[in-house]
Every structure is written in structure tokens, then in C-alpha cells.
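Enquirer: sequence-free structure coming up:
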């Protein structure tokens, strides 16, 4: 289908997902996950508080190596586009995030698999990071839908997602299995292309 240039509905730019993507504003720098600096994640990643609602365990160097390898395999298979998150206030690797569940046919994805070292949480870094991902996702990649999810008990993450202007949609039961083998429910949210202009103005004025 061909859309007029002035239409909000034009095809997704899939080719850009096969190129190196770097995103940046005054607070945050997002680098492709395979960057050599990913080894710096070791300085913050071995903290069980980070992984409580992530469905995995991260205790050993072997766990870390598996995490990196699996992330890069998923990227190679077109399932995700992961990033390293750099806090520009101190030029430190502070965590990771990604475009995941990339669905080219339906022009949608999920921003998630996001984690930060404990000292970087609640500092405003997440909002700066999410702005870059949303802005690039809607305006350059041209997704029609970007969704988010959080464990049903992870109220902190749910509040953070709602503050981005995402609309809560419902609960997905038994949506993932945690590191103890237990089924967990997720709460889902979304922002769609038609929402983005108003969300950008209302929630991300400092980055405009």
C-alpha cells in the first residue's frame, strides 16, 4: 500500500534496523549493544534487585556471557535491536534497553528488557532514554504501535510507564516464566502513532 507524503500512515523503514543506530540527547547516549563497552556492564549487573521482575538470574560471569550472547543472537535473527545506555553526566555504562518483539508485518514493537544499575534508577535517565527510543521509533523507523509491559507486582515500573503517556490496556496472564519456574502476569501499555504528537508535547517538553 502506498500512502501520501502528508499522511500519518506510511510504510515502516525496516532497512534502518540493519544499520548501526546511535541515539543521543543532553542526558543519555544509546549505543548498539555489541559496542566494546558492553563489558562495562559487569560493574553494575550483578545485583539481584535489578532482576527481581526480569525473569532471569544474573549471578556469575557465565550468566553474563549467556545474556550478551543471547541478546546478540536475537538481534541477528531480527527479533530485537538492543542498546547500551550511557549516562552522559559521568560517561558511565548504566544499563541496557531494546526494541523487542519487532513485527515488521504489523509495524510494531515493544520497548523493554530495560534495566539500570541501582545508582542510576530514579535519576531521570530512564525518561531521557525512553524519549529517544519513542521519537526515533515513531519518526524514523515509523512504527505504528509501541508497547510496554511490566510485571503485575512491579508497581514502580507501571507508574514509570504511565508517566510516559502510555495507555494501560490490560493484563496478560501467565505471560512469562520467572527464574524460579513460576508463571507471572504482565500489565500491558501502548502508545500508537496517532498519540505521539500530543504525548511528545505533553510529556517530553524538555527534549523538544
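Expert: Looks like it arrived, so ask away. Fair warning: this is a prediction, and the values are worked out from it, not measured in the lab.

Enquirer: mind listing the strands for the chain?
Expert: 23-24, 28-32, 80-87, 92-103, 108-116, 145-151, 167-177, 183-192 (DSSP state E).

Enquirer: helices and strands around the fourth one, which ones?
Expert: Counting contacts by 3 or more Cβ pairs under 8 Å, 6 or more residues apart in numbering; DSSP states H and E, strand 92-103 is packed against helix 42-45, helix 61-76, strand 80-87, strand 108-116, helix 125-136. C-betas here are computed from N, CA, C, even on glycine.

Enquirer: Can you pull the poorly scored residue ranges out of the chain?
Expert: 1-9, 208 (pLDDT under 70).

Enquirer: dump the residue contacts of residue 41.
Expert: The neighbours of residue 41, taking Cβ atoms under 8 Å, 6 or more residues apart in numbering as the test, are 64, 84, 93, 95, 96.

Enquirer: mind giving me TSV with the residues you listed and columns for distance to residue 50 and neighbour count?
Expert: Formatted as TSV, the contacts of residue 41 follow (distance: Cβ to Cβ, whole Å; neighbours: other Cβ atoms under 10 Å):
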residue	distance to residue 50	neighbour count
64	12	17
84	15	21
93	14	23
95	8	22
96	11	21
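
Enquirer: closest to residue 163 among these?
Expert: When the contacts of residue 41 are ranked by distance to residue 163 (Cβ to Cβ), residue 95 comes first, at 18.1 Å.
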